[in-house]
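Asker: Below is the sequence, then the predicted model.
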Amino acid sequence: MLVSVISVLAAASAVAAQSSTVIPAPVVTGNPIGAKYVGTLPPKEGSTLTGSIEATTGADGKGVKFSVSFAGLPETGGPFMYHLHAKPVPADGNCTGTGAHLDPYMRGEVPGCDASKPETCQTGDLSGKYGNATEQTFSAEYTDLYSATLPSDPAFFGALSFVVHLSNKTRIGCANFTMIDAGVDGFGAPPASSSAPESSGYGAVPSSTGYGAAPSSTGYAAPPLSTGYPMMPPTNTSSGFAQPSGMPLYNTTTVATSPTAGLPITPSAASSSAPAEFTAGAAKVAGGAGALLAAAAAALVL
């Protein structure tokens, strides 16, 4: 009995510790309007599983609306889980190559997802947040506020994949997402999009890597050609300020010469003498030190 109580307390402590360190996923509000991605399960020898996940930007660019449809799930082995994964399906179709769940905020799989607090779950744990497939034919539709169709967002999945699992986590099907429509941003312009991928039976996989179609840009504005700092005038005639004679002109290699360049400077009495303030201060310091020495001597005599 004591062992059971200790085990329960330890588990509760672990959950509390994990919960205190979880970074809640932010609500995504800047998704491009009209963006659409679809992942379709390819035929697989020895399997009857078919289906797809369609993902479109939510209302006003907030989150992503998912439409999930599966058929031919096994008679046993359920309930069935499905998740967004961190890598695309490789060309050989091996679902193991998709890596772990999409988890940009490093939440981890343990403890399990609390559906009442979807922001604390892994971003890619769709079935954990919105329910497992419990029948051989399954469909669901919902909006996940924490997913992104914007390529520059950490929660973007458009160049990645989804995987269907048995309850024991065995992977029984997987597919890559393919962009149907990039959508437009709040200004009517298309967002930074992925480069055109080479098609395969599992969806979009680029020819150069095994990690899905990487966006062609970061989604951030390109840096300007110049440094962004104002250019200094080439001469001192336009600025109204005198330019030091020994300094190089900005963005040039020309240095104005000085008649005295390279000659030593001989110190003068005016330049080497201490200021009056310093002399007075030194006298005060010396006087104070003398007084202290006298007091110390008197104390020794006594």
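Answerer: Perfect, thanks for sending it. Residues are numbered from 1 along each chain as shown.
Asker: Could I get the full set of helices for this structure?
Answerer: Per DSSP state H, the chain carries helices over the ranges 2-21, 126-130, 269-272, 276-301.
Asker: burial of residue 168, as a residue count?
Answerer: The number of residues packed near residue 168 is 7, by other C-beta atoms under 10 Å. C-beta coordinates here come from the backbone N, C-alpha and C atoms, glycine included.
Asker: just the one 5 residues further on next, same as before
Answerer: A count of neighbours around residue 173, defined by other C-beta under 10 Å, yields 22.
Asker: roughly how far apart are the nearest residue to it once chain neighbours are set aside and residue 69?
Answerer: Excluding its sequence neighbours, the residue lying closest to residue 173 (C-beta to C-beta, 6 or more residues apart in numbering) is residue 164, at 4.2 Å. Remark: distance between residue 164 and residue 69 (C-beta to C-beta, to the nearest Å) = 12 Å.
Asker: Looking at the two, which has the bigger crowd around it?
Answerer: More crowded of residue 164 and residue 69, by other C-beta under 10 Å: residue 164, with 24 against 16.
Asker: who's that one bridged to?
Answerer: Residue 164 forms beta bridges with residue 82, residue 173, as assigned by DSSP bridges.
Asker: Hmm, residue 79 and it touching each other?
Answerer: No - using C-beta atoms under 8 Å as the test, residue 164 is too far from residue 79 to be in contact (11.4 Å).
Asker: overlap in contacts of residue 164 and residue 69?
Answerer: Common neighbours of residue 164 and residue 69, counting by C-beta atoms under 8 Å, 6 or more residues apart in numbering, are residue 51.
Asker: burial count for residue 82?
Answerer: 26.
Asker: and what of residue 22?
Answerer: As a burial measure, residue 22 scores 17 neighbours (other C-beta under 10 Å).
Asker: how close does it get to residue 117?
Answerer: 9 Å.
Asker: what do you get for residue 175?
Answerer: Distance from residue 175 to residue 117, counting by C-beta to C-beta: 29 Å.
Asker: more neighbours, these two?
Answerer: Neighbours were counted for residue 175 and for residue 117 using other C-beta under 10 Å; residue 175 has more, 25 against 12.
Asker: need the contact list for the more buried one.
Answerer: By C-beta under 8 Å, 6+ apart, the contact set of residue 175 is 39-42, 52-53, 89, 161-162, 202-203.
Asker: so how far is residue 95 from it?
Answerer: From residue 175 over to residue 95 the distance is 9 Å, taken as C-beta to C-beta.
Asker: cool, residue 112 as well?
Answerer: Residue 112 is 21 Å from residue 95, by C-beta to C-beta.
Asker: Looking at these two, which one has more neighbours?
Answerer: Using other C-beta under 10 Å, the more surrounded residue of residue 112 and residue 95 is residue 95, with 20 against 10.
Asker: I'd like to check which residues are in contact with residue 141.
Answerer: Contacts for residue 141 (C-beta under 8 Å, 6+ apart) come out as 65-68.
Asker: among the residues you listed, which are in strands?
Answerer: If you go by DSSP state E, those have 65-68 in strands.
Asker: what sits opposite residue 68 in the beta ladder?
Answerer: Beta-bridge partners for residue 68, by DSSP bridges, are residue 53, residue 140.
Asker: That one - how many residues pack around it?
Answerer: Residue 68, neighbours per other C-beta under 10 Å, totals 21.
Asker: How about residue 75?
Answerer: Residues near residue 75, counting by other C-beta under 10 Å, number 7.
Asker: Same check on the one 3 residues further on?
Answerer: When neighbours are defined as other C-beta under 10 Å, residue 78 has 16 of them.
Asker: How about residue 100?
Answerer: Other residues lying near residue 100 total 13 when counted by other C-beta under 10 Å.
Asker: Residue 86 is in contact with that one, correct?
Answerer: Yes - Residue 100 is within contact range of residue 86, at 5.4 Å (criterion: C-beta under 8 Å).
Asker: got a pLDDT number for the residue lying closest to residue 146 once chain neighbours are set aside?
Answerer: Among residues not flanking residue 146 along the chain, residue 25 sits closest, at 4.0 Å (C-beta to C-beta, 6+ apart). In this prediction, residue 25 carries a pLDDT score of 96.
Asker: Who are the contact partners of residue 25?
Answerer: 104-105, 107, 119-121, 123, 146, 155.
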